[in-house]
Every structure is written in C-alpha cells, then in structure tokens.
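J.: Provided below are the primary sequence and the corresponding predicted coordinates.
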Amino acid sequence: MARRERVMRMSVEQPLWRALTAYRVLTMVYAIGLFTTAYEHFTRPWLAIGYYVVLVAWTLATLPRVANAAACTKRFLTLDLTVALTGILLTPLADTHERITAGGPTLPSIWTAGSVLAFAIKGGWRWAAVASTLVAAANLVERGSPARDTVHNVMLVWVAAIAIGYVVEVARASERTLARALEIEAATRERERLARDIHDSVLQVLAMVQRRGAVLGGEAAELGRMAGEQEIALRTLVSGGLVPVSRVSEDAADGAVVRAVDEPGDHDPDAPDAPADLRALLAPYAGARVSLAEPGAPVELAPAAAREVAAAVGAALDNVRAHAGEHARAWILVEDEPDEVIVTVRDDGPGIPEGRLAQAEGEGRMGVALSIRGRLRDLGGSAELISVPGQGTEVELKVPKDATGVTHAHVRGKAAGHD
C-alpha cells in the first residue's frame with residue numbers, strides 16, 4: 001500500500017505540561033517540609049495537617065489533569081485555584097500572627113504558583129492575569145496589610161504568570177503557522193508527484209494519439225486534433241498546479257492572517273489590486289492549432305488592462321476561425337518591453353482583401369473596430385492589422401505598462417460581431 005505524508009497534530013506546549021506536573025509534586029513536598037521544620041510554632045497544627053492531607057491527595061489525584069490541555073478543564077482549574085486560595089486564607093488560623101507579620105510562608109507556599117501557571121498554560125496571559133489577581137487578593141487578606149515582601153511576592157507571581165501565558169500564546173501561533181507550512185509543502189509534493197505520473201502516462205498517450213491521427217487522416221485526424229487540444233489543456237493545468245489555501249483567518253493570533261482572494265479574472269476593475277500575469281489569461285487560447293510563445297517571466301499589467309488585452313486576442317482568434325477556416329493555424333507572440341507589452345496574433349489564412357475592413361464597418365460589422373482597436377485605444381495603446389492576400393493576417397496589439405483599463409471598454413464584448 002502506498003504511503004502518503006500527513007501532517008499530524010503537534011504540541012510545542014506539551015513540555016510545559018510535563019514541567020508543571022513535576023513542579024506541583026516538588027512544591028507540595030516543599031510546603032510540607034516547611035511546615036515540618038516549624039511545627040512547634042503553629043497555634044493550630046492540626047488545622048495545617050488537615051489541609052496538607054487534602055493538598056497531598058488533591059495533587060496526586062489530579063496529576064493526569066495537568067498532563068495536557070484537553071484534560072485540564074475550566075472546572076478543574078477553578079477547583080485547583082480554590083484549594084490554593086483556601087490554604088492561603090487558612091494560614092492566619094493555623095499559624096501565629098508574629099510569624100505571618102514577619103513574612104512567614106502561607107500553608108501552600110509556592111504550590112500556589114503551580115495553580116496560576118496552569119491557568120497561564122491553558123488560557124494564555126488573560127487567564128493568568130485573573131488567577132494571579134485572585135491570589136494577590138488572598139495574600140493581602142492573609143497578611144492584613146500590603147507589606148513590602150507580600151507585594152514583592154504578589155508582583156513576582158503576577159508578572160511571571162502573565163509572561164508565561166503570553167509565551168504560550170506565541171508558541172501556539174507559531175505551531176499553527178508551522179502546521180500550515182507543512183500542509184502546503186505536502187500538497188506541493190503531492191502535486192509534483194501527480195504531475196510526474198500524468199506526464200509519464202496521460203500526456204504521452206495524448207501526444208501519440210495526435211501524431212497517429214494526423215498520419216491516418218479522416219476521422220482519426222479529428223480525434224488526433226481533439227487529443228492535441230486536451231494535451232495542451234492538461235499540460236497547462238499541471239504546470240500551473242493547484243495548492244490548497246489554508247483556512248481563512250482574520251486573527252493574527254492564529255499565526256497568520258489568511259484571506260480568500262479572487263482569481264485575476266474576477267476582480268472589480270475599479271478596485272486596486274496587484275498586477276495580473278497576462279500569460280495566465282492567454283494560456284487558455286492555446287490549442288492544437290493555436291501556438292503561444294511567451295516570456296519565461298510574468299508579463300504584468302493592471303488586472304483590468306490584462307483582461308482587455310486578452311479579450312482583444314480572443315476577438316482576433318474568432319476572426320481567424322470565422323474567415324480563415326477551422327483548419328487554419330494561428331500563433332500568439334507575447335513580448336514584454338520596458339515600457340509596453342506587445343501581443344502579436346498571426347494566422348496562415350488567405351488574408352483580408354483590400355478594402356474589406358472599410359466595407360465591413362460600413363455594413364455595421366464593427367468587430368475589428370470595436371472589439372480590437374477600440375479596446376486598445378481605451379487603454380492608451382494601439383492595434384495594427386497587416387494582411388496580404390494569400391499570406392495570412394497579422395494583428396499587433398500594443399499596450400503601455402501603466403495602462404489601468406478602468407474605462408470599462410469591455411462592455412462592448414463580442415456582441416458587435418467580428419470582421
């Protein structure tokens with residue numbers, strides 16, 4: 001069975017959960033050790049012992065809850081923070097006032113920070129800010145006054161929790177960005193594999209059918225012509241490729257702002273947009289009897305101007321089919337000059353008799369006048385038609401690079417007819 005690469009779920013925050021698990025166990029042991037060394041100073045040691053029994057049972061029983069983000073639910077976080085706050089508020093009842101005012105530790109001691117860090121890892125810096133604020137309030141109530149050491153400890157927990165929460169959010173965004181990049185890379189590899197397979201099989205078969213059909217003639221020649229057109233269309237599709245777009249997201253916290261955009265042919269002409277590649281608009285015209293020669297680099301024009309030029313080329317090819325016959329061949333040459341783009345459409349038909357264009361315009365058939373010359377004139381360019389009877393016709397279209405094409409010349413369409 002063929003194996004296919006697939007992007008699996010990643011988790012850059014998983015090491016943080018493992019570290020938090022170890023932290024909770026170690027700080028539980030530390031809190032119990034502090035109590036043991038100062039046992040004789042407690043006024044109600046039995047109250048502290050009862051709390052530590054609950055703390056040990058809770059910590060060990062909830063280790064699976066801090067193993068990953070899915071297991072660490074909001075309900076668990078609320079109960080966990082309640083255990084920490086309860087220990088802080090019970091400290092004045094179990095310990096002496098002198099030890100408390102002297103800066104003695106609370107019953108849970110630094111175990112409380114583990115509860116706040118769980119909020120930070122699970123929900124980011126906002127959740128961390130809420131949890132650390134509640135811990136700060138409980139410490140102030142326990143101490144009775146905002147002493148210097150209390151404020152210092154509160155600020156330390158508050159800043160550290162918010163910083164860790166922010167780092168977690170950045171790590172998640174980076175993880176999503178990396179996952180999208182890997183998806184695009186996997187899709188590109190799959191496209192290249194399909195392109196190789198198609199080139200080695202389908203395209204070669206179509207090319208063979210085209211050649212054999214031309215040799216056999218008759219209906220086989222027509223079948224060969226159709227196979228040649230499909231070969232060119234398929235080759236264009238394979239060379240262009242299709243890479244899936246990532247999910248649309250307007251939130252930069254997701255790692256990247258991803259928007260769905262229209263294809264070059266679907267934009268509003270009045271809307272500002274990036275330049276369009278004229279080659280992509282002319283590629284569909286290529287076929288078994290239409291050859292397209294283009295530069296290797298993109299030929300960029302304003303989207304509306306590129307569409308107008310492509311429409312003028314289409315009108316010229318319509319004239320070739322209408323007057324030179326279905327079997328006439330045509331060639332499209334695209335030249336990218338520094339200040340202008342030149343597109344030449346040439347055919348091997350019988351040519352246009354002298355005076356025929358003027359006669360067509362007089363009869364109301366305005367195909368060349370409007371669909372070709374009119375389009376280029378509105379773009380600030382020009383269209384020259386050269387035809388010699390018996391030697392075919394050549395249409396040269398010139399359009400300046402700064403043409404915008406926002407005059408809506410395309411409303412003429414092909415309704416005017418071609419000649």
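T.: Yep, that arrived.
J.: then stretch 72-81 to CSV, C-alphas only?
T.: Below are the C-alpha coordinates for stretch 72-81, written out as CSV (Å, rounded to 0.1, in the frame of the first residue of the first chain):
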residue,chain,number,x,y,z
CYS,A,72,-7.1,20.5,32.1
THR,A,73,-10.7,21.8,32.1
LYS,A,74,-12.1,25.0,33.4
ARG,A,75,-13.8,23.2,36.2
PHE,A,76,-10.5,21.6,37.3
LEU,A,77,-8.7,24.9,37.2
THR,A,78,-11.4,26.5,39.3
LEU,A,79,-11.2,23.8,42.0
ASP,A,80,-7.4,23.8,41.9
LEU,A,81,-7.3,27.6,42.5
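J.: neighbouring contacts of it?
T.: 17, 58, 62, 65-66, 115-116, 118-119, 121-122, 127, 131, 134-135 (C-beta atoms under 8 Å, 6 or more residues apart in numbering). Quick note: C-beta positions are derived from backbone N, CA and C, even for glycine.
J.: apply 6 Å and report the result again.
T.: R65, V66, S115, A118, F119, K122, A131 (C-beta atoms under 6 Å, 6 or more residues apart in numbering).
J.: out of those residues, which sit inside strands?
T.: Of the contacts of stretch 72-81, none are assigned to strands by DSSP state E.
J.: what separation do you get for the residue nearest to P45 when sequence neighbours are not counted and S291?
T.: The shortest distance from P45 to any non-neighbouring residue, by C-beta to C-beta, 6 or more residues apart in numbering, is to Y39 (5.8 Å). With distances taken as C-beta to C-beta, to the nearest Å, Y39 is found 96 Å from S291.
J.: could you do R307 as well?
T.: Distance of R307 to S291, given as C-beta to C-beta: 22 Å.
J.: S115 now?
T.: Distance, S115 to S291, using C-beta to C-beta: 73 Å.
J.: more crowded one of those two?
T.: More crowded of S115 and S291, by other C-beta atoms under 10 Å: S115, with 25 against 15.
J.: and the pLDDT for the residue nearest to that one when sequence neighbours are not counted?
T.: Excluding its sequence neighbours, the residue lying closest to S115 (C-beta to C-beta, 6+ apart) is A84, at 4.4 Å. At A84, the pLDDT value in this model is 92.
J.: R373 against A383, yeah?
T.: Yes - in this structure R373 lies within contact range of A383 using C-beta atoms under 6 Å: 4.5 Å.
J.: what stretches of the protein score poorly on pLDDT?
T.: Along the chain, the parts satisfying pLDDT under 70 run over 1-12, 145-150, 152, 195-201, 203, 235-273, 353-371, 405-419.
J.: neighbours around the residue nearest to P45, how many?
T.: Using other C-beta under 10 Å: Y39 sits among 11 other residues.
J.: do you know how far it is from A48?
T.: Per C-beta to C-beta, Y39 is found 8 Å from A48.
J.: what sits against G218?
T.: Applying C-beta under 6 Å, 6+ apart to G218 gives no contacts.
J.: tell me how many other residues crowd the closest residue to V299 other than its chain neighbours.
T.: Computed as C-beta to C-beta, 6+ apart, the closest residue to V299 that is not its neighbour in sequence is L278, at 4.2 Å. Other residues within reach of L278, judged by other C-beta under 10 Å, total 26.
J.: packing partners of the top helix by length along the chain?
T.: Longest helix in the chain, counting residues (DSSP state H): helix 148-200. Contact here means 3 or more C-beta pairs under 6 Å, 6 or more residues apart in numbering; DSSP states H and E; on that basis helix 148-200 packs against helix 111-123, helix 125-143.
J.: one more time with 7 Å
T.: Judged by 3 or more C-beta pairs under 7 Å, 6 or more residues apart in numbering; DSSP states H and E, the packing partners of helix 148-200 are helix 111-123, helix 125-143, helix 219-240.
J.: next one: T101 from P92, what distance?
T.: From T101 to P92 the distance is 10 Å (C-beta to C-beta).
J.: let me redo that: E98
T.: According to C-beta to C-beta, E98 and P92 sit 12 Å apart.
J.: okay, those two: which has more neighbours?
T.: Neighbour count, other C-beta under 10 Å: between E98 and P92, P92 has more, with 16 against 9.
J.: contacting residues around that one?
T.: I100, E142 (C-beta atoms under 7 Å, 6 or more residues apart in numbering).
J.: do G213 as well
T.: G213 touches A220, A221, L223, G224, R225, A227, counting by C-beta under 7 Å, 6+ apart.
J.: what's the neighbour count on the nearest residue to it once chain neighbours are set aside?
T.: Take G213 and drop its neighbours on the chain: the residue closest to it by C-beta to C-beta, 6+ apart is G224, 2.0 Å away. G224 is flanked by 23 other residues according to other C-beta under 10 Å.
J.: please apply the same query to A70.
T.: 7.
J.: give me phi/psi at it?
T.: Here is the backbone geometry of A70 (degrees, to the nearest 10): phi -70, psi -40.
J.: buried sites along stretch 38-55?
T.: A38, F42, L47, A48, Y51, Y52, L55 (16 or more other C-beta atoms under 10 Å).
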